[in-house]
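> with the sequence up front, the predicted model follows.
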Amino acid sequence: MAMQTFVYGIENGVRSLTRSRLLSCQIILAMAFGIAAFSSAWGALLSLTGDPLKDVGRETYHPQVDPRPLDIKDASGSPPDDLTLRDARAIFQFSPSGRRAMSSLNWLPMEPVEGQLHEKRMTMVFARGATSDFFKLFRAPFAYGSAWSSSSDNDGSEVVVISKKLNLQLFGGKNSIGNHLQLAGKLFTIIGILNDWEIVPRVYDLNDGAYAQAEDVFMPFETWLDLPQDYGYGPMKCWANEQADMDHNPRSETCTWVQLWVRLFPSEVAQYVDLLKGYSEQQRALGRFQRSPNVKLKNADEWLVYKKVVPDAIKIQLWVAFGLLAVCLVSTSALLGVKFRGDFSELGIRRALGASKRQVFLELLSQGIVIGMLGGIGGIGLGLAVVRIMKSSGQDYAQFLGVSFSSALFSLIVALCSALVAAVVPAYVAANESPYKQMVGR
Amino acid sequence: MMWNQIPVIIRSFRKHKGTVVLLMSMVALTVAVFANAASVIGEAVRKSQISTGIDEANVAVIQDIAVVNKGGSKSTQDKLARIRALPGVVDVALGATPLMNSSTMYVSRAMGESAAVEVKYFEGSQGYQNALGVKVSNGDNLRDASSPNFGIDTAMTPCVITAALADRLFGQEASIGKTIYAGNLSFQVVGIVPTLRESLSLSEVDNYAMLVQHKLGQEELGGLFVIRSSDGQVQKVLNKALSIFRDLDPYHVQPLAETFEDLKVEALARRLALAKVLSLLLIVLTCVTCFTIGSITSLWVRQRRTQIGVRRALGATRMDVLAYFLFENGMITSVGAFFGVLLAFLTSSQMQKYFELSGITWHYVVCSILLIVTCSGASALGPAWRGSRLAPAVVFRNI
C-alpha cells in the first residue's frame, strides 16, 4: 500500500513537473547548483585528506617526546614534531624489527654515470635516508628488486632504491638493478626500483608539502647520515643557541629532525605510551630532559589532522559552498511553495474526491524526491566540471583532486535530504489548505 | 504618494508569510556569502598587486650549489664578471630576491635593547642593491667602497632600510646617519627605500626590511645570484647566464633559475586559483537569487491580477502598479540585507578563527548589498512591468 502510494506519488510528481516546465527547471537548476558547489568542494576535500595507508593507517604511529629545556615557551605545549638522533635511536629499539622506521629527507647532487640516458650534467635529487622497514611500513611497492636488509641499515652499505620516475628518466624504465648512481661524490648500487606508489598525502613527511612528489632516491639511514658534506637533514630545528643552528650538526642533542614511525597493534598502544613516559623520566633523571614527560603517540590519521594538511583554499571553498547550498535550499523551498500553489485547483479536486491530507502531503513530498534526484544528478555532473577547473590550477595538490564514487553518492544523499527538507513546509501548507479555497482560488 | 502603499504591502506580506520569510532569509544568506567570498577574492587580488619594491619585471634569480670535494676552477668574482659583461645585463650580485625566505634579524636603536623589531635581512655582494633595482628615496645608495668583507662582523656595516622601518625605529627624527644594532652587530643607515617586502602580505610589519652589501674577495661561494636586465631582456639574460654557470664549472648544480615574475606567480597561485573558483560560485549564487526572486514576483503578479485591475480602474496609474511591486521587492531585500550584514560579520569572525584571512570590511558588505538589491530589483522589474501593462478591461473580462 505504502509502496503503491509512493510509486503513484513519483509518477504524479513527474507528470506534475512536466506541466509547469519552466518553474520545474528552475527548481531543479537551483538544487543542481547547490549540489554542484557542495559535491566539488566535498569531493576535493575527501580526495586530499585521503587515506594514505588504507587499513593500516590507524595502526601506524608517530611517537613524540619533549627534550626541550623549560625556558622555551611554546603556546601549544605539544612536543616537537620530530626526534633528536639520540632519542630516535633509543625509541627505535622499543619496537621489534619489521615494525619501525627512522627516516629523513635531503637534497643530493647527482653526477651522470656512463650508461644513463641523462643530460651530461649534474642535477639535484631528493634523497631519503631510511631504515629498511620504511618501505613495508608505508606500503611502497617494488617493480624490481627489494629493500636492503636490516643489517645494511648500519653497515654503511652504498645501495639505493630509486623511484619509478627516476628509473624512467635514467634507464628508460628497464630493470636497472646493478646499475650505479653517483650521489654526493659516492658511487651507489641500485638494488630496488619502486612501482607507482599511491600515498596521498605523503603522511611520513609533511614538511615539504603533503602533496609534493615523493623522493627519487632512498638509501640506508646510517649511510645517508655519514655522507661527506652537509646537504641538510630534513626539518632540523635546534634550540640551544645560535651556534647550534649554525653548526647544523645532526648528532646534536638539541636538534630534532628524525622522523620515526612504528606499527603497533591496538593492544600494544597503552604499553607503548608507558614506554615513552618511562624513557622521558629516565632521561630527566639523567639530566637530559627538563620537562615532566610530555609524550604524544598519534596514528597516521590523527597526524594528518594535527598537521592540518588540507589546503586552506579547499576549506574556504567548502565554507562558501555550504553557503551557496543553503541559499539554493531556501530558493528551492520558496519555488516549491510557488509550484504547489499553482497546483492548488488540482489538489482541491483530489481532496474533494476523497484523498486524505496525508496522501496529498506524501505525494507532494515525492515531488521533492524527484527534484532532489534530478537536481542531485545534475549537480554532481556540474560538480565534476568545477573539479576540472580546480585541477587546472597548477597547484601541487591539483593532480589528486577528484570526486570519488562514495563522495558522489554522499552528495546525492545530501541532495535528496535537502530536497525533502525544502519540500516539507510547502507540502504541509498545501496539504492543509481547505479544498474549497483551493478550488475557487483566493 | 508611495508611502501610503506600505500598509497595503505589509498586509499582503501577512498572506504570504512563508514565502516572504524564505525570500528574506535567502537574501540574508546571499549577502553574507557574497561579502565573505568577495573579501577572499579581494584579498587575493590585492596581494597580487603588492609590489616587493624591487624591479620585478627585470630581475631573475639563479641558485648555484657547489658539490663537495670538487673544487671549482673559477671564483665567484669571475662568474659575476662574466655575467655582468653579457649584453642586456644591468647588474648581478650574490644575494636573494624577495619571496625566498630571507633571514630575519631583531634590531634596535641601542645595543642590547630588549624592545627589538623583527626585520627581514637582505644581504648580498657588491652591486646587490643595484641588481635588485631598489632605489633610495632619501639619502645615499650603498657604495662598494664602504662595504666590509663577508664574514666580518665587527665592522660598522652601511645599510639602507625601508621607510616603514625608519618610521618604526626613529619616528619623526631623521634616520640617516643613525646606527642600529642587532645583537653584537652594528649598522649605519645611509639611505631610505620606499618599499622592500620579503612576502606578499598586506601587513605593514612585513615592510620592515634592511639591505646590506658585503665585499666579495676571491673566494668561491655558492648560493643565490640576482641578475637585473635592461627592459624586456630578462628571459634572454637568464638563459645566457645559466649557460655561463654551466660552462664554467661542471661541478656546480643550478636547481633553480627563474625570473622574479614567475616566482611571484607561483607564490600567488594558490590564492588566485581559489579566487577563480569563488568567483564562479558567486556568479552562480547571484543567478540563483535572481531567478528565484523573478519567479516569485511573477507568481505574485499573476495572483493579484484582479487587485491590479481594481486599482487601475480606481485611478492608479501604470507607474503606481510598477512602483508597488518594486517597493515590495525593495522591502523584502532590505530586511534580508539587514540580517545579511549581521550574518556576514558573524561568519567572517568565525572564518578568521580558522584561516589566515584579513576578514570583511564595510566596503565588501556595502558593495554586496548594493549588488544584491540591484539584481533583485532588476529581476522583479520584468514581472512588475508586465503587471503594470495589464489593462483593467482585460482583467475583468477574464475574471
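Nice, thanks for sending it over.

> how about the residues of the stretch 101-250 of chain A near chain B?
The interface of the stretch 101-250 of chain A toward chain B, taken as CB under 8 Å from any CB of the partner chain, is made up of A:107, A:109, A:111, A:121-124, A:184-185, A:228-229. For the C-beta atoms, the positions are set from N, CA and C on the backbone; glycine is no exception.

> looking at these, which has the most residues close by?
Ranked by the number of neighbours (other CB atoms under 10 Å in any protein chain shown), these place residue A:109 first, at 23 neighbours.

> what's the closest non-adjacent residue to it?
residue B:67 (4.4 Å; CB to CB, 6 or more residues apart in numbering or on different chains).

> that neighbour - how many residues pack around it?
By the measure other CB under 10 Å, the count of residues near residue B:67 is 23.

> tell me the contacts of it?
A:109, A:111, A:122, A:184-185, A:229, B:251-253 (CB atoms under 8 Å, 6 or more residues apart in numbering or on different chains).

> re earlier: could you dump the residues of the stretch 101-250 of chain A next to chain B to JSON lines with secondary structure and pLDDT?
What follows is these, written out as JSON lines (DSSP: H, G, I helix; E, B strand; the rest coil; pLDDT from 0 to 100):
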{"residue": "A:107", "secondary structure": "strand", "pLDDT": "88"}
{"residue": "A:109", "secondary structure": "strand", "pLDDT": "88"}
{"residue": "A:111", "secondary structure": "strand", "pLDDT": "86"}
{"residue": "A:121", "secondary structure": "coil", "pLDDT": "79"}
{"residue": "A:122", "secondary structure": "coil", "pLDDT": "83"}
{"residue": "A:123", "secondary structure": "strand", "pLDDT": "86"}
{"residue": "A:124", "secondary structure": "strand", "pLDDT": "88"}
{"residue": "A:184", "secondary structure": "coil", "pLDDT": "86"}
{"residue": "A:185", "secondary structure": "coil", "pLDDT": "84"}
{"residue": "A:228", "secondary structure": "coil", "pLDDT": "80"}
{"residue": "A:229", "secondary structure": "coil", "pLDDT": "77"}
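
> which two among those residues are spaced furthest apart?
A:121 and A:228 (20.7 Å; CB to CB).

> helices of the stretch 201-350 of chain B, start to end?
Using DSSP state H, counting those that start in this stretch, the helices of the stretch 201-350 of chain B run over residues B:234-248, B:260-303, B:305-313, B:318-354.

> go on, the stretch 1-150 of chain A?
If DSSP H, counting those that start in this stretch is used as the criterion, the helices of the stretch 1-150 of chain A fall at A:2-19, A:21-49, A:85-92, A:134-137.

> near chain A, which residues of the stretch 151-300 of chain B?
So far as CB under 8 Å from any CB goes, the stretch 151-300 of chain B lies against chain A at B:246, B:250-253, B:255, B:269-271, B:273-274, B:276-278, B:280-281, B:284-285, B:287-289, B:291-292, B:295-296, B:299.

> least confident secondary structure element in chain A?
helix A:242-247 (a mean of 66; mean pLDDT, DSSP states H and E).

> mind listing what's buried along stretch A:162-172?
Neighbour counts over stretch A:162-172 (16 or more other CB atoms under 10 Å in any protein chain shown) mark A:162-164, A:166-167, A:169-171 as buried.

> find the centremost residue of chain A, please.
residue A:49 (1.5 Å; CA atoms, centre = their mean).

> so which of the contacts of residue B:67 is the closest to residue B:223?
Using CB to CB, these come closest to residue B:223 at residue B:252, 10.7 Å.

> residue A:219 and chain B, how far apart?
Distance, residue A:219 to chain B, using CB to the nearest CB, to the nearest Å: 16 Å.

> next, give phi and psi for that residue.
phi -140, psi 160 (degrees, to the nearest 10).

> for the residue nearest to it when sequence neighbours are not counted, grab the count of nearby residues.
In space, and not counting its chain neighbours, residue A:219 is closest to residue A:160: 4.9 Å by CB to CB, 6+ apart. Under the neighbour criterion other CB under 10 Å, residue A:160 is assigned a count of 24.

> ok, now which ones touch residue A:160?
Residues near residue A:160 by CB under 8 Å, 6+ apart: A:181, A:183, A:188-191, A:217-219.

> convert the C-alpha atoms of stretch A:371-378 to CSV, please.
Taking Å, rounded to 0.1, in the frame of the first residue of the first chain, the C-alpha atoms of stretch A:371-378 are listed here in CSV:
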residue,chain,number,x,y,z
ILE,A,371,13.5,17.1,-7.8
GLY,A,372,16.3,16.1,-5.3
MET,A,373,17.2,13.1,-7.5
LEU,A,374,17.3,15.1,-10.8
GLY,A,375,19.0,18.1,-9.1
GLY,A,376,21.5,15.8,-7.4
ILE,A,377,22.5,14.0,-10.6
GLY,A,378,22.7,17.3,-12.5
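
> ok, and what's touching that stretch?
The contact list for stretch A:371-378 (CB under 8 Å, 6+ apart) reads A:17, A:24, A:27-32, A:34-36, A:332, A:336, A:411-412, A:414-420, A:423.

> and that stretch, average pLDDT?
In this model, stretch A:371-378 carries a mean pLDDT of 92.
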